[in-house]
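> Sequence and computational prediction follow.
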Amino acid sequence: MATDMVVLEHATISDKKGRSVGNGCCNIGPGYATPLEAMAGPRETLIYVTSVYSGTVINKPDYLATVDVDPSSPTYSKVIHRLPMPNLGDELHHSGWNACSSCHGDPSANRRFLVLPSLLSGRIYAIDTQTNPRAPSLHKVVEPADIVRKTGLAYPHTSHCLASGDIMISCLGDKDGNAEGNGFLLLDSEFNVKGRWEKPGHSPTFGYDFWYQPRHNTMISSSWGAPSAFTKGFNLEHVSEGLYGRHLYVYSWPNGELEQTLDLGNTYRPPAIGVGNLKISCVLFLHDPSKDTGYVACALSSNLVRFFKTPDGSWNHEVAISVETVKVQNWILPEMPGLITDFLISLDDRYLYFVNWLHGDVRQYNIENPKKPILTGQAWVGGLIQKGSPIVAEGEDGKTWQFDVPEVKGNRLRGGPQMIQLSLDGKRLYVTNSLFSTWDRQFYPELLEKGSHMLQIDIDTDKGGLSVNPNFFVDFGSEPDGPSLAHEMRYPGGDCTSDIWV
């Protein structure tokens with residue numbers, strides 16, 4: 001193992017005095033005092049999108065695209081700036097901030113740097129978005145050799161800012177792609193490697209996403225799989241070999257002690273692939289920091305699971321939403337799961353949105369009763385079963401059918417909805433369609449040939465409902481260096497998947 005060749009450094013979260021948990025009194029640090037205050041923030045005019053050439057036929061570095069989302073602008077719905085990374089083969093994936101609403105009580109904190117972990121190379125880029133928000137610039141590169149030497153960690157994924165000023169990043173394995181080497185990386189405010197966050201012997205079996213809820217002294221992380229497996233594409237044999245995870249990991253916050261492991265894989269087994277809740281992906285608490293419940297998406301089984309604290313202080317879970325598999329013809333399996341690859345929650349904790357990457361729909365659920373989500377909106381924006389695809393769905397009567405998917409500005413929609421981002425006021429949902437270059441090639445090879453696109457969906461926040469904006473279409477297939485793959489999106493002022501309230 002890679003960790004045999006390094007001296008592992010473990011770190012604690014900085015303890016800065018003068019920070020406040022905030023009660024909405026004033027705006028003295030980055031972000032907003034409360035989630036509801038954030039909903040009243042200014043409308044978004046720019047959005048940053050991680051854009052990938054790694055894994056494609058184009059030998060160019062990945063880049064950060066700046067997209068104009070101001071309807072009054074002459075460059076609305078266009079890429080207005082591209083910041084290429086200085087290296088090839090990074091596979092930019094997720095992103096986060098150096099400071100967010102968790103630092104709202106700290107007048108010295110400043111949301112200036114967008115943090116870009118590179119899933120394959122292991123580099124972490126700090127991007128200055130404040131000097132010129134329309135044209136960000138590279139500030140610093142954290143090299144993988146330094147990370148591996150001090151922590152043994154590689155394959156960085158999810159990044160969150162902490163109230164301390166530190167930055168915490170989940171890493172999915174060691175440099176050789178073994179899941180056993182995964183854990184949590186701590187960087188200080190200057191992007192220096194501090195060490196691992198979790199206590200020795202408290203690393204999860206698999207790594208992926210995480211979210212913390214300080215008022216309940218809890219952090220919960222989720223599972224994907226061994227990098228040696230998922231980087232090669234999805235293979236059912238890897239599932240039987242135990243190379244994918246099905247657990248949630250409950251940690252004490254901020255101490256880094258693993259207190260409980262929740263097995264989500266024993267009870268719920270879909271007939272299509274028979275693998276239970278494997279690839280336990282995105283994990284989110286409700287935004288209200290007093291709440292002790294949240295959700296996790298189980299991608300392959302297409303379940304949305306609610307987790308919650310019990311009266312005895314332990315944590316439990318239950319399936320809140322199940323997406324039925326679809327019987328299909330002309331595909332690799334007789335039944336197709338939805339494949340929930342991303343979800344988010346509106347800042348008022350009223351609506352939850354998720355995507356089915358394979359089926360091709362975006363869904364809206366009312367979660368005012370978190371135990372019983374109600375479907376209130378649905379929009380079809382791609383997928384493998386859309387009209388014109390060789391794959392058809394088959395009903396119980398043997399008749400075949402396909403979904404109607406609209407064209408946008410004369411463009412047929414490619415791939416399936418993958419990443420989503422919600423406006424602060426909850427009225428606009430942005431959608432990209434690339435998951436990971438290797439998986440794109442396997443399930444949607446057209447994306448590597450013609451590139452990704454970005455859509456915007458209008459939301460009825462009163463009664464519920466989704467409708468595709470016919471005037472918004474960002475075509476990453478027409479980029480100057482050739483078609484690219486668009487993944488995660490961030491606003492300069494923060495959003496509902498970057499900011500945590502303490």
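Structure received.
> Output stretch 226-236 as PDB, nothing but the C-alphas.
What follows is stretch 226-236 as a C-alpha-only set of coordinates in PDB (Å, rounded to 0.1, in the frame of the first residue of the first chain):
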ATOM      1  CA  ALA A 226     -12.300   1.700  -5.300                       C
ATOM      2  CA  PRO A 227     -10.600   4.000  -7.800                       C
ATOM      3  CA  SER A 228      -9.000   1.000  -9.400                       C
ATOM      4  CA  ALA A 229     -12.500  -0.100 -10.300                       C
ATOM      5  CA  PHE A 230     -14.600   2.900 -11.200                       C
ATOM      6  CA  THR A 231     -11.900   4.600 -13.200                       C
ATOM      7  CA  LYS A 232     -12.100   1.800 -15.700                       C
ATOM      8  CA  GLY A 233     -15.900   2.100 -16.100                       C
ATOM      9  CA  PHE A 234     -18.700   0.300 -14.500                       C
ATOM     10  CA  ASN A 235     -18.300  -3.500 -14.300                       C
ATOM     11  CA  LEU A 236     -20.700  -5.800 -12.500                       C
END
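> mind checking the SS state of residue 229?
State at residue 229, reduced to three classes by DSSP: H, G, I helix; E, B strand; the rest coil: helix.
> which regions of this protein lie under the pLDDT threshold?
1-8, 15-27, 266-280 (pLDDT under 70).
> Now do residue 393: how many residues are near it, please.
Residue 393 has 20 neighbours, counted by other CB atoms under 10 Å. All C-beta spots, glycine's among them, are computed from the backbone N, C-alpha and C.
> swap that for residue 71, sorry
As a burial measure, residue 71 scores 13 neighbours (other CB under 10 Å).
> Can you tell me the closest non-neighbouring residue to it?
Nearest non-adjacent residue to residue 71, counting by CB to CB, 6 or more residues apart in numbering: residue 471, 7.9 Å away.
> residues contacting the one you found?
With contacts defined as CB atoms under 8 Å, 6 or more residues apart in numbering, residue 471 is in contact with 71, 77, 409.
> Distance to residue 253 added to these, as a markdown table?
Shown next, in a markdown table, are these (distance: CB to CB, whole Å):
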| residue | distance to residue 253 |
| --- | --- |
| 71 | 40 |
| 77 | 40 |
| 409 | 45 |
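> Tell me the one of those residues nearest residue 104?
Using CB to CB, residue 71 comes nearest to residue 104 of the contacts of residue 471, at 29.2 Å.
> Quickly run through the sheet partners of the longest strand along the chain, with directions.
Selection of the longest strand in the chain by residue count, based on DSSP state E, yields strand 466-475. Strand 466-475 has the following sheet partners, assigned by DSSP bridges: strand 453-459 (antiparallel).
> Show residues contacting the strand it pairs with.
With CB under 8 Å, 6+ apart as the criterion, strand 453-459 contacts 49, 67, 69, 351, 362, 364, 377, 379, 381, 408, 411, 413-414, 417, 426-433, 465-469, 472-477, 486, 489.
> if we go to 7 Å?
49, 67, 362, 364, 379, 381, 408, 411, 414, 426-433, 466-469, 472-477, 486 (CB atoms under 7 Å, 6 or more residues apart in numbering).
> how about the CA coordinates for that strand, as PDB?
Only the C-alpha atoms of strand 453-459 are listed here, as PDB (Å, rounded to 0.1, in the frame of the first residue of the first chain):
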ATOM      1  CA  HIS A 453     -24.500  20.900 -22.900                       C
ATOM      2  CA  MET A 454     -26.000  23.000 -20.100                       C
ATOM      3  CA  LEU A 455     -29.700  23.700 -19.600                       C
ATOM      4  CA  GLN A 456     -31.800  25.800 -17.300                       C
ATOM      5  CA  ILE A 457     -35.200  24.700 -15.900                       C
ATOM      6  CA  ASP A 458     -37.700  27.100 -14.600                       C
ATOM      7  CA  ILE A 459     -39.400  26.200 -11.300                       C
END
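> Go through it and flag the buried ones.
453, 454, 455, 456, 457, 459 (16 or more other CB atoms under 10 Å).
> beta partners for the last one?
Beta-bridge pairing of residue 459, defined through DSSP bridges, involves residue 466.
> measure it to residue 448 for me?
According to CB to CB, to the nearest Å, residue 459 and residue 448 sit 31 Å apart.
> And the closest residue to residue 63 other than its chain neighbours, its phi and psi?
Leaving aside its chain neighbours, residue 63 sits nearest to residue 84 (4.4 Å; criterion: CB to CB, 6+ apart). Backbone torsions of residue 84, given as degrees, to the nearest 10, read phi -70, psi 140.
> Assess the claim that residue 84 and residue 58 are in contact.
No. Residue 84 is not in contact with residue 58 according to CB atoms under 7 Å; the separation is 11.9 Å.
> Which residue comes closest to residue 376 once chain neighbours are left out?
Leaving aside its chain neighbours, residue 376 sits nearest to residue 464 (2.7 Å; criterion: CB to CB, 6+ apart).
> how far away is that neighbour from residue 368?
To residue 368, residue 464 is 11 Å away according to CB to CB.
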